[in-house]
Each structure stands twice: as C-alpha cells, then as structure tokens.
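>>> sequence first, predicted model second:
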Amino acid sequence: MSFHNQFAMADTLNQIKPQQLSNNVFFGPLNTLSQQEFLFKHQIKFFIAVGIPTKKAAEYYHNMPIKDFIMVNIDGGFDRSPSSNDELQRILHYNQANSDNLKQLLANINTSSTSEHERCLTPQPDLNQLLYRNINEYTINTITLSGVQKFESFNDFLTLFKMSGLGNVLVFSTNGNDEELVTLLISHVLKMNASVSLLEAFNYVKSLRPTVNDLRDQQIFWCAGLVDYSERVRAKELFWGPGSNGGMVPNVLSFSTKRRNEPSNDNEEEGKHQFVTTVSSSPRRIYATPRAKRMATHPMGQD
C-alpha cells in the first residue's frame with residue numbers, strides 16, 4: 001500500500017473514531033451511534049446531539065442499538081412544521097419519551113440529594129446552586145437557545161448526567177469536527193478548569209481530535225457567547241458551581257422507572273401540547289468578543 005493510501009486510510013479512521021474529553025464525557029461523529037461495542041464498553045447512557053435537526057435526531061433515537069438511555073439535542077434552527085404526519089408522530093414520541101425520562105432523572109437526583117443532606121452534618125447546596133440556569137428548564141430535551149445560554153444549558157446537562165451516576169455521555173455532531181461542537185467542548189474544558197485560557201482549551205480539544213485542525217482560532221474566539229461564557233464560568237467556579245466536587249450527590253435509581261400513577265398519553269392533540277422546547281424568559285443578552293466589546297443582541301430561543 002502506498003504512503004498516500006495509508007495516510008488517507010489513517011485520516012478516515014481518525015474521522016470515525018470518537019474521543020474522550022473527560023472522565024465521563026466522550027465526543028465524536030454521528031457514526032459513533034452505530035458503534036454498539038463502543039457504547040456498551042464505555043457505558044454510554046446519555047447522548048447530546050449538536051447541530052442536528054430534531055427530526056433527524058428523532059430518527060436516530062428510534063434506531064439506537066441500546067436501551068434505557070436519554071437523548072438531548074441542541075437545535076437552534078428548530079422547525080415546528082414537520083413535513084408529514086408520520087414525521088410529527090416520531091418527533092412527538094422522541095420529545096415526550098426523553099422529556100419524561102429527564103423529569104424522572106431530576107426527581108431521583110432531588111430525592112438522593114435530600115437523603116444525603118439528612119445524613120450529612122455539612123450543609124449541601126441545592127441543585128440550582130450547582131447549575132448555571134434554573135433546574136426547571138431541564139425537563140425538556142430539545143434546546144433552541146443560543147449565545148451564552150446555550151453553553152450554560154449544555155454544561156448543566158453534563159453536570160446533571162454526571163450526578164445521576166447512571167452512565168457516561170456522548171456528545172456528537174454530523175462529522176465531529178464542526179465549529180458548534182468544538183466550541184461546546186471548549187466550554188466544558190473551561191468549566192472543568194476555570195484557570196485555563198480559551199486558546200489552551202482549544203489546543204486541548206485539537207490534541208484529542210486532530211481532525212478539527214482545519215478550524216481557525218478566529219472562528220472559535222469570535223463565537224457568539226463563548227467568550228461571555230468563559231467570563232461567567234470563572235466567576236461561577238469560585239463558589240459552589242457545576243464543577244464543585246463538594247456539591248456532588250450520590251448515584252440515583254434508574255431513569256427507566258416511570259412515575260407512579262402517571263397517565264399514558266395516547267391522544268395526539270394532547271401530545272402536541274407536550275411538544276415544546278426550552279425557551280429563555282430572561283432579557284436579551286449582549287455577547288462579548290475577544291476585545292470585550294459588546295455586540296448586537298440576539299434572541300436566546302424561539303417562540
């Protein structure tokens with residue numbers, strides 16, 4: 001085999017191979033969803049789809065090779081007008097099944113946290129102290145937020161999934177190299193170590209996945225919300241925050257257990273009312289740039 005062919009094959013293998021960002025967070029391309037051995041080996045139970053339309057995420061959800069998992073998707077261009085009734089039903093089921101599991105997950109974390117607090121002499125922070133945003137926002141699995149709020153929500157989900165103790169997380173996009181995925185990964189590196197710079201965090205991600213080298217520093221540092229988030233995380237992590245070990249609660253029960261006495265929803269019209277997305281009710285935010293100047297405002301979510 002020629003050197004050129006060897007290089008092309010190695011590059012292809014690097015493209016489809018997922019990487020590990022932290023102890024419980026992995027990332028990679030869409031193809032990783034079909035790598036059943038990898039998912040079982042690394043106990044992946046939580047999935048965050050980045051930049052993938054909700055209708056596509058719903059298709060992938062229904063064809064997953066594993067059971068008892070939760071999928072969340074970040075879809076800033078969410079389309080509320082499915083092209084067919086079958087597509088609508090698939091999205092409704094995807095949204096409702098995962099949202100119900102998220103509610104159960106939060107209920108179990110709250111119960112476990114309360115029990116630990118009763119046994120511990122040291123006061124423990126409530127969940128909202130560990131998160132950037134209100135915990136009530138995380139009972140819906142489709143996120144349409146943008147700017148700094150997107151980064152906050154992404155890292156809050158990673159915090160909640162880690163607190164559950166149920167398994168690890170896979171963050172994926174179409175090819176695993178795109179700007180939105182990389183900036184979200186950078187934000188998590190910053191949360192894990194608030195003392196590092198944006199450049200250091202970017203270089204760390206590149207060291208894990210060389211195929212993101214095509215992205216330029218300017219693309220990352222001019223990303224709306226990332227610089228603002230880096231300032232936010234430094235302030236947050238000085239006190240009780242998502243990265244504080246003292247705020248971790250013990251493992252919780254399986255999220256596959258349904259809430260007692262919860263009626264099943266077989267009515268299509270009722271299901272449509274359940275199909276909502278996470279939307280911010282806070283005022284518009286001004287984004288920061290690398291020179292700390294303020295840019296024009298943008299909506300955080302869709303109506």
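Cool, got the structure. The model shown is predicted, which means the values in this text are computed figures rather than measured ones.

>>> tell me, how many residues neighbour residue 184?
Neighbour count of residue 184, defined by other Cβ atoms under 10 Å: 25. Any C-beta I mention is one placed from the backbone N, CA and C, and that applies to glycine too.

>>> that one touches residue 72, doesn't it?
No - the pair residue 184 / residue 72 is not scored as a contact, 12.0 Å apart, by Cβ atoms under 8 Å.

>>> give me the phi and psi for the residue lying closest to residue 201 once chain neighbours are set aside.
Excluding its sequence neighbours, the residue lying closest to residue 201 (Cβ to Cβ, 6 or more residues apart in numbering) is residue 189, at 4.0 Å. Backbone torsions of residue 189, given as degrees, to the nearest 10, read phi -60, psi -40.

>>> I'd say residue 189 and residue 151 touch.
No - at 11.7 Å, residue 189 does not count as touching residue 151 under the criterion of Cβ under 8 Å.

>>> higher neighbour count, these two?
Neighbours per residue (other Cβ under 10 Å) separate residue 189 from residue 151, with residue 151 holding more: 27 against 21.

>>> where in this protein is pLDDT low?
The chain contains residues with pLDDT under 70 at 1-15, 82, 113-126, 238-303.

>>> all helices of the stretch 101-250 of the chain, in order?
Counting by DSSP state H, counting those that start in this stretch, one finds helices in the stretch 101-250 of the chain at the ranges 127-130, 147-164, 179-192, 198-208, 217-221, 226-236.

>>> can you list the buried residues in the fourth one?
Of the residues in helix 198-208, those with enough neighbours to count as buried (16 or more other Cβ atoms under 10 Å) are 198, 201, 202, 204, 205.

>>> could you pull up the residues touching the last one?
Translated: residue 205. Residues counted as contacts of residue 205 (Cβ atoms under 8 Å, 6 or more residues apart in numbering) are 21, 182, 185, 186, 189, 212.

>>> chain neighbours aside, what residue packs nearest to it?
Residue 205 sits nearest to residue 185 (Cβ to Cβ, 6+ apart), 5.1 Å away.

>>> from what I see, that neighbour and residue 21 are in contact.
Yes - taking Cβ under 8 Å as the definition, residue 185 is a contact partner of residue 21 at 5.9 Å.

>>> which neighbours do these two share?
Joint contacts of residue 185 and residue 21 (Cβ under 8 Å, 6+ apart) are 27, 171, 205.

>>> can I get those residues in a markdown table with distance to residue 83?
Supplementary listing: the shared contacts of residue 185 and residue 21 in a markdown table, determined by distance: Cβ to Cβ, whole Å:
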| residue | distance to residue 83 |
| --- | --- |
| 27 | 30 |
| 171 | 28 |
| 205 | 36 |
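
>>> what's the closest of the residues you listed to residue 47?
residue 171 (7.9 Å; Cβ to Cβ).

>>> and the closest one, what are its bridge partners?
residue 27, residue 48 (DSSP bridges).

>>> this structure: strands as residue ranges?
Secondary structure of the chain (DSSP state E): strands at 19-20, 25-29, 44-50, 70-74, 142-143, 168-173.
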